Each structure stands twice: as C-alpha cells, then as structure tokens.
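Undergrad: predicted model and sequence below, questions to follow.
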Amino acid sequence: MKNFKLITILFAFSVFLACSEDEPVIEYITITETVVETVVETETVEVEVEVDPFEDSTLEGNITSDKTLDASKIWLLKGRVSVVDGVTLTIPAGTIIKAAAGTGADASTLIIARGGRLIADGTADAPIVMTSISDNIEVGGTYPSNGPSLNVDTRGLWGGLLILGNAPCSFSGDVTELQIEGIPTSDINGLYGGTDATDDSGSVQYLSIRHGGAEIGEGNEINGLTLGGVGSGTTINHIEVLGNVDDGIEFFGGTVNATNLLVWGQGDDAIDIDQAYAGTIDGAMVILTSASDHGFEIDGPEGSATGRFTLKNATVIGATNNCSAEGVDGEMADFRKGATGDVLNILFKDFSGGKDVELDASADAATYTAGTLTFENIDILHPIDLDGVVCSDVETLDLIFDDKSDESTFESDASTFAEIVTSQQEGNGVDASIFSWTFYANNN
C-alpha cells in the first residue's frame with residue numbers, strides 16, 4: 001500500500017525590480033515534492049505440526065546392547081522385540097509400556113532370548129505395566145477421571161512377554177532345544193532349553209500384563225507370560241495377567257520358582273505346566289470368567305527326562321453366577337500326560353456342579369498310584385445363590401475328584417486329602433491381600 005504526502009514549500013523570492021524604486025515587485029513560486037512511503041503488512045499463520053509421542057521411547061527390532069528405560073515416559077513396543085544373548089534390558093519401577101496393535105508374525109511381543117536378561121523390578125506402589133496402545137493409562141499408573149478404557153474382557157490386542165532360558169526341559173524325541181510356541185520358527189530368538197538348571201534370565205517383580213494373547217496363526221496364540229526353560233537363578237514374583245486370549249502363565253520345563261501370581265479372565269488355562277517343569281509355584285490366585293477354561297492344566301514330560309513341580313497355597317475362583325456356570329468349560333484342574341508333582345494347600349471356590357479336578361488318562365492314574373503325583377489339604381468351597389443358600393447341584397468329593405480312566409483309587413481317596421468347607425481355612429489357599437497392588441484388586 002502506498003501513501004502520498006504533498007509537502008508544499010512556500011518561500012518568497014523578492015526581486016527588487018520595480019517600475020519605480022519605491023514599489024518593489026514580489027513574485028511567489030510554489031515547489032511541490034512527492035514522498036513515497038511503503039507500508040509492509042505481516043500476517044501470522046498457525047500451522048499444526050504432528051508430534052510423535054514415542055519419538056524417543058520406542059522399542060523395536062532386536063535390542064543388541066544394554067538398555068535402561070525411562071519411567072517418566074510411556075514406551076511403545078512395536079512389533080516383535082528381542083533382547084538377544086548377552087544383553088540386559090532394565091525396566092524401572094513404575095514404567096508403562098504400551099504395545100502397538102498387530103496380529104500374526106507382526107504381533108507386538110517382548111522376547112528375552114536365551115542368554116539375555118530382563119531386570120524389571122517394580123514395587124507395590126509403582127508396578128510395571130505392559131498393556132495395549134489402546135489403554136488410557138498414564139505416566140505413574142494413573143487414569144483420567146473417567147477411569148480405565150479397557151477391562152478384563154478386552155483381549156488379544158498385542159502379544160505378550162516371553163522369557164526363554166537354558167534350563168532343562170523334557171522334549172519329545174529328547175531333543176535339546178525347541179522353538180517356543182507363538183514365535184515363528186524363522187526367529188532363532190525363540191529357542192529355549194538346555195542343561196543349566198541354575199540359569200539366570202534376570203528378575204521380574206510387580207509386573208502387570210494386560211489385554212494380550214494376539215494370534216500369530218490359527219489356534220496359535222501367545223500367553224500373557226511364557227517361561228520357557230527358565231532356570232532357578234531367575235526371580236519371578238508378584239505377577240498379574242489379566243484379559244489374555246490364551247493361557248495366563250505357562251511354564252515350559254525349566255526350574256524357576258515363582259511366587260504370588262494372579263491370573264484373571266484368561267481365555268484358556270490360568271496356570272499351565274508342560275515339559276517336566278521342576279520348580280515351585282507358591283501363592284497364586286486365579287479368577288475365572290465366562291471366557292475361561294481350566295484354573296490349572298498340568299502336563300507331564302514329553303521325553304525321557306523327568307521333573308517334579310510343586311504347586312501350593314493357591315485359590316481358584318470359578319465362574320458361577322447365582323449357581324449357574326458361566327462359559328463353556330471353566331474346570332478346576334486337569335492333570336495330563338503323566339503329570340508328576342505335588343499339589344497342596346489349594347482352595348477351589350465357587351464352582352458349579354459338574355466341574356472337577358481330573359486325572360485325564362491312564363498315564364496320570366499311573367503317576368498318582370506311584371506316588372509321583374500327590375494331593376494334600378485341598379478344600380472345596382461351594383457357591384451360594386442370591387439368598388445365601390448353597391447351590392443344589394454341587395457334588396460330593398468322589399465326584400469332584402475324577403479319574404477318567406478309573407484305573408486308580410483317586411476318587412475314593414479324595415476324602416483323605418480333600419474336604420468341603422464353608423469358609424476359607426487358615427493355612428489353605430492364598431491371602432488375597434498380597435494382591436492389593438493389582439488392577440484386579442483396584443478395579444473389580
């Protein structure tokens with residue numbers, strides 16, 4: 001834009017030329033000057049720039065050098081991520097990891113390969129959480145005022161956590177190593193098994209694993225927590241798994257001990273034992289929902305190597321609503337393939353009639369008869385209806401404890417190792433207060 005200013009300068013020029021010397025002649029001259037002034041106008045334009053919230057907090061591909069996460073950030077688990085042999089991943093207390101969506105071979109999964117280590121030591125006040133990108137949990141483990149966006153019925157949004165070690169396992173054909181289920185055979189980070197019973201894969205404490213179990217192939221899902229050939233040098237305690245498509249926690253061989261485990265609303269079995277697992281599980285709470293199968297599924301060895309587990313101090317709560325069983329299966333426990341171990345101080349609570357503790361076949365009748373599969377101090381607490389009356393279809397001990405092969409005295413022996421109770425007895429089951437830190441305790 002241009003503005004024009006006219007500046008008129010008048011000045012007098014006197015000429016003393018006149019007709020006569022007494023009368024001077026005055027002549028006026030006007031001079032016009034044009035000044036041009038340029039005015040520059042500026043305009044502010046707001047441009048929206050997309051910011052990647054995970055620009056410096058993404059876990060992707062193989063982790064090939066020691067790495068420590070920052071608990072002040074939300075971390076994105078993107079695709080199949082492996083901590084390789086010789087490398088340690090450290091996850092501080094209170095860290096939140098959200099997994100990107102994906103199925104098949106692209107399902108977001110964290111693998112601690114043989115020789116790798118995971119140090120994930122949360123606390124009761126600051127547990128570590130592994131969940132889906134769809135979860136609205138915030139830094140510090142808090143939620144917006146409207147509460148959690150996902151619940152126990154939200155499953156299969158990502159894979160899960162797999163820890164693999166060099167401890168002994170019993171494999172078919174007595175091979176020395178095997179590829180873990182849920183990971184493509186092309187990925188050698190999925191191998192597990194070995195000869196080191198004291199193998200150390202790190203320490204995992206106060207960890208909540210939520211909404212996982214993505215399918216990588218038809219009928220092939222990932223467990224919430226998979227422990228394959230993990231040795232006794234590894235620490236596993238205070239673990240929560242909720243809303244997983246497949247099993248909650250599965251032990252494939254190994255010798256690791258695990259304490260204070262909670263599984264809520266899994267789609268298959270809550271705690272699954274395979275391939276001659278030879279550690280101790282002490283303190284467990286299982287809460288079945290309409291989606292769930294067994295509380296416990298316990299398999300024996302697959303090869304010539306033997307192992308003997310201990311499962312003690314556990315409470316398994318059935319999916320029963322006003323005396324009606326929810327879901328299709330929801331059994332108490334199933335012992336299969338010649339299972340060998342010791343089961344003691346277990347409370348089975350709120351199971352409708354027809355639900356049982358089962359010896360699956362002749363091999364399990366044989367291990368029971370041989371004394372390599374034992375039961376001690378098992379309590380049954382029957383469900384009640386809305387009026388507080390015990391449900392009418394509940395069964396006696398000899399029907400609850402069922403040898404499908406009818407080749408042992410398991411059913412008639414039930415009264416010697418089990419009883420029906422009206423409340424939880426001291427020294428039986430697990431103290432639920434141990435799990436006060438969990439999502440289950442705070443959102444159920």
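TA: Nice, I can see it.

Undergrad: what's the mean pLDDT across the stretch of helix or strand Ile216 belongs to?
TA: Here Ile216, judged by DSSP states H and E, is contained in strand 215-217. Looking at strand 215-217 alone, the average pLDDT works out to 72.

Undergrad: direction included, what does the helix or strand just after that strand pair up with?
TA: From strand 215-217 onward toward the C-terminus, using DSSP H and E, the following helix or strand is strand 220-221. For strand 220-221, the paired strands and their directions (DSSP bridges) read strand 215-217 (antiparallel).

Undergrad: how about the secondary structure of the residue nearest to the spatial centre of the chain?
TA: The residue lying closest to the centre of the chain (C-alpha atoms, centre = their mean) is Ile209, at 1.8 Å. Recorded secondary structure, Ile209: strand (DSSP: H, G, I helix; E, B strand; the rest coil).

Undergrad: before we move on, what about Glu411?
TA: Secondary structure, three-state DSSP: Glu411 is helix.

Undergrad: what residues are up against it?
TA: 398-399, 401-403 (C-beta atoms under 8 Å, 6 or more residues apart in numbering). All C-beta spots, glycine's among them, are computed from the backbone N, C-alpha and C.

Undergrad: can you do 6 Å?
TA: Contacts of Glu411 were listed using C-beta atoms under 6 Å, 6 or more residues apart in numbering, and they are 398, 401, 403.

Undergrad: list buried residues within the residues you listed.
TA: A residue is treated as buried here by neighbour count (16 or more other C-beta atoms under 10 Å); on that basis the buried members of those are 401, 403.

Undergrad: of the contacts of Glu411, closest to Val328?
TA: Proximity of the contacts of Glu411 to Val328, judged by C-beta to C-beta, is greatest for Phe401, which lies at 21.7 Å.

Undergrad: list the contacts for the closest one?
TA: 357, 410-411, 414.

Undergrad: name the nearest of the contacts of Glu411 relative to Asn146.
TA: Lowest distance from Asn146 to the contacts of Glu411 (C-beta to C-beta) belongs to Phe401, with 46.4 Å.

Undergrad: what's the distance between the closest one and Gly116?
TA: 42 Å (C-beta to C-beta, to the nearest Å).

Undergrad: again with Gly429
TA: Spatial separation of Gly429 from Gly116 under the definition C-beta to C-beta is 35 Å.

Undergrad: about what we covered before: how far away is the residue nearest to the centre of the chain from Pro127?
TA: Ile209 is 11 Å from Pro127, where distance means C-beta to C-beta.

Undergrad: do Leu178 as well
TA: 32 Å.

Undergrad: those two: which is more packed in?
TA: Pro127 (23 against 20; other C-beta atoms under 10 Å).

Undergrad: that one: what's it in contact with?
TA: Contacts here follow C-beta under 6 Å, 6+ apart; on that basis Pro127 touches 206, 208, 437.

Undergrad: which residue, other than its chain neighbours, is closest to Pro53?
TA: On the basis of C-beta to C-beta, 6 or more residues apart in numbering, the spatially nearest residue to Pro53 that is not a chain neighbour turns out to be Ile74, at 7.0 Å.

Undergrad: and the closest residue to Asp199 other than its chain neighbours, how far is that from Asp70?
TA: What sits nearest to Asp199 in space, not counting adjacent residues and going by C-beta to C-beta, 6+ apart, is Gly231, at 2.8 Å. Going from Gly231 to Asp70 by C-beta to C-beta gives 29 Å.

Undergrad: more crowded one of these two?
TA: Summary of the neighbour comparison: Gly231 and Asp70, criterion other C-beta under 10 Å, with Gly231 having more neighbours (20 against 11).

Undergrad: one step back: give me the distance between the residue nearest to Pro53 and Glu138.
TA: For Ile74, the distance to Glu138 equals 8 Å [C-beta to C-beta].

Undergrad: SS state for the spatially closest residue to Ala113 that is not a sequence neighbour?
TA: Nearest residue to Ala113, sequence neighbours excluded (C-beta to C-beta, 6+ apart): Asn189, at 4.0 Å. Three-state assignment for Asn189 (three-state DSSP): helix.

Undergrad: what pLDDT does Asn189 get?
TA: 96.

Undergrad: what kind of secondary structure is the closest residue to Gly233 other than its chain neighbours in?
TA: The shortest distance from Gly233 to any residue other than its chain neighbours is 3.2 Å, reached at Asp200 (C-beta to C-beta, 6+ apart). Here Asp200 is recorded as coil under three-state DSSP.

Undergrad: neighbours of Asp200, just the number please.
TA: 18.
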